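**Student:** Give the three-dimensional model of this entry:
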Amino acid sequence: MKTHVGGIMPVMLTPFTEQNEIDWAGLERLVEWYIGNGADALFAVAQSSEMQFLSLTEREALGRAVVRQVAGRVPVVVSGHISDDIDAQVEELTAAAKTGADAVILVTNHLDPKQTGAASVFLATLDTLLARLPRDVPLGLYECPAPFRRLLSDDELRRCIDTNRFVVLKDVSCDLGTVQRRAAMVEGSPLALVNANAAIAWDAMQAGSRGFCGVHTNYHPDLYKWLMTSGAEHPDLRARLVPFLAMAALSEAYGYPAQAKLFHQRLGTFGSARCRVTDFDVRERFWALDAVLNQLLAGTDLFRAEIARLS
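**Tutor:** Below is the predicted model:
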């Protein structure tokens with residue numbers, strides 16, 4: 001299997017117009033912003049993309065548009081896997097494969113939709129999907145936290161590795177010990193383990209995570225890129241950057257992904273901060289949200305300036 005996915009992999013937002021339609025021009029600008037800020041791959045039609053609030057037609061069109069805009073510069077992985085019914089899952093994942101993405105991502109909670117936790121249920125669903133999906137399409141796994149987080153057991157992960165069809169796991173264990181154990185399991189296989197938790201980002205990279213795929217790749221993917229590629233050479237700066245990234249990520253609780261759209265509206269990426277997931281005014285609910293975004297921007301710029309001085 002030739003597909004290699006890893007590095008800094010933003011979980012993409014979906015821009016909408018004020019009429020609640022996908023903003024295709026905004027999407028093009030967003031793709032260019034990610035790539036210009038160090039993205040090594042893109043995860044399209046993910047939870048951050050509001051995939052649960054997109055029709056299947058929109059999900060497929062969104063994936064195709066990202067693949068088209070990227071034009072082979074970095075790998076693109078696509079999901080949109082939101083159903084529990086097995087036939088609907090096959091339809092969704094087949095549509096994702098038709099986008100031309102480099103890999104199609106299976107969401108682990110939909111392989112065990114009744115939350116049994118039983119490996120037999122997960123593996124039975126997995127076997128059905130593998131039998132019905134195109135064999136030439138590389139696959140990935142995402143321990144998506146919605147509607148519930150379904151972590152893989154070691155036995156389940158081993159089965160996925162042994163199929164030789166999986167190229168990436170977005171790890172949402174948020175636990176360094178689990179990352180270390182899984183990194184040892186995938187060593188030598190085509191499957192890249194990519195951590196999604198900012199608090200352990202650096203330690204996970206040292207433990208074998210082949211990059212980072214957390215929500216704050218929507219704010220400063222270049223800082224994570226520097227951490228991955230140059231952090232070991234500059235321990236003093238790294239020691240200050242690591243806690244900043246961890247604390248900055250806590251702002252996710254302030255109405256993400258709507259607040260990320262406000263952030264990109266400031267940058268000029270989006271014309272609108274319209275969000276389908278969030279049906280309330282985030283500024284009204286989260287007092288001082290604009291001040292939080294100001295601090296995120298200021299802190300990011302300070303670290304960018306320090307990194308630039310090292311060049």
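**Student:** Apart from its chain neighbours, what residue comes closest to residue 152?
**Tutor:** Once flanking residues are discounted, residue 152 sits nearest to residue 108: 6.1 Å by CB to CB, 6 or more residues apart in numbering. From N, CA and C alone the C-beta is placed, and that goes for glycine too.
**Student:** these two touch, right, the one you found and residue 143?
**Tutor:** Yes. Counting by CB atoms under 8 Å, residue 108 sits close enough to residue 143 to count as a contact (5.1 Å).
**Student:** tell me, what's touching these two both at once?
**Tutor:** Common neighbours of residue 108 and residue 143 are listed as 150-152 (criterion: CB atoms under 8 Å, 6 or more residues apart in numbering).
**Student:** Identify those among these that sit within strands.
**Tutor:** With DSSP state E as the criterion, strands contain none of those.
**Student:** re earlier: give me every residue that touches the residue nearest to residue 152.
**Tutor:** Neighbouring residues of residue 108 by CB under 8 Å, 6+ apart: 122, 141-144, 150-152.
**Student:** from memory residue 199 sits against residue 174, does it?
**Tutor:** Yes. With contact defined as CB under 8 Å, residue 199 reaches residue 174; the gap is 7.4 Å.
**Student:** which residues of the stretch 201-311 of the chain fall in strands?
**Tutor:** For the stretch 201-311 of the chain, strands defined by DSSP state E, counting those that start in this stretch occupy the ranges 211-212.
**Student:** how about the helices in it?
**Tutor:** With helices called from DSSP state H, counting those that start in this stretch, the stretch 201-311 of the chain shows them at 201-207, 221-230, 235-249, 258-267, 282-285, 289-310.
**Student:** and of the ones you listed, who's closest to residue 10?
**Tutor:** helix 221-230 (5.5 Å; CB to CB).
**Student:** Which elements pack onto that closest one?
**Tutor:** strand 7-8, helix 201-207, strand 211-212, helix 235-249, helix 289-310 (3 or more CB pairs under 8 Å, 6 or more residues apart in numbering; DSSP states H and E).
**Student:** what is the mean pLDDT for the helix or strand just after the first one?
**Tutor:** Next helix or strand after strand 7-8 toward the C-terminus (DSSP states H and E): helix 24-36. Computed over helix 24-36, the mean pLDDT rounds to 98.
**Student:** Same check on stretch 103-118?
**Tutor:** Averaged over stretch 103-118, pLDDT sits at 96.
**Student:** measure that stretch end to end?
**Tutor:** Using CA to CA, to the nearest Å, the gap from the first to the last residue of stretch 103-118 comes to 26 Å.
**Student:** And it, what's buried?
**Tutor:** 103-113 (16 or more other CB atoms under 10 Å).
**Student:** Return the closest of the contacts of residue 108 with respect to residue 88.
**Tutor:** So of the contacts of residue 108, ranked by how close each gets to residue 88 (CB to CB), first place is residue 144, at 16.3 Å.
**Student:** Is there a neighbour count for the closest one? I'd like the number.
**Tutor:** Residues near residue 144, counting by other CB atoms under 10 Å, number 25.
**Student:** now the nearest residue to it once chain neighbours are set aside: how far from residue 213?
**Tutor:** Nearest in space to residue 144, with sequence neighbours left out and distances taken as CB to CB, 6+ apart, is residue 107 at 4.7 Å. Applying CB to CB, to the nearest Å, the value for residue 107 to residue 213 is 14 Å.
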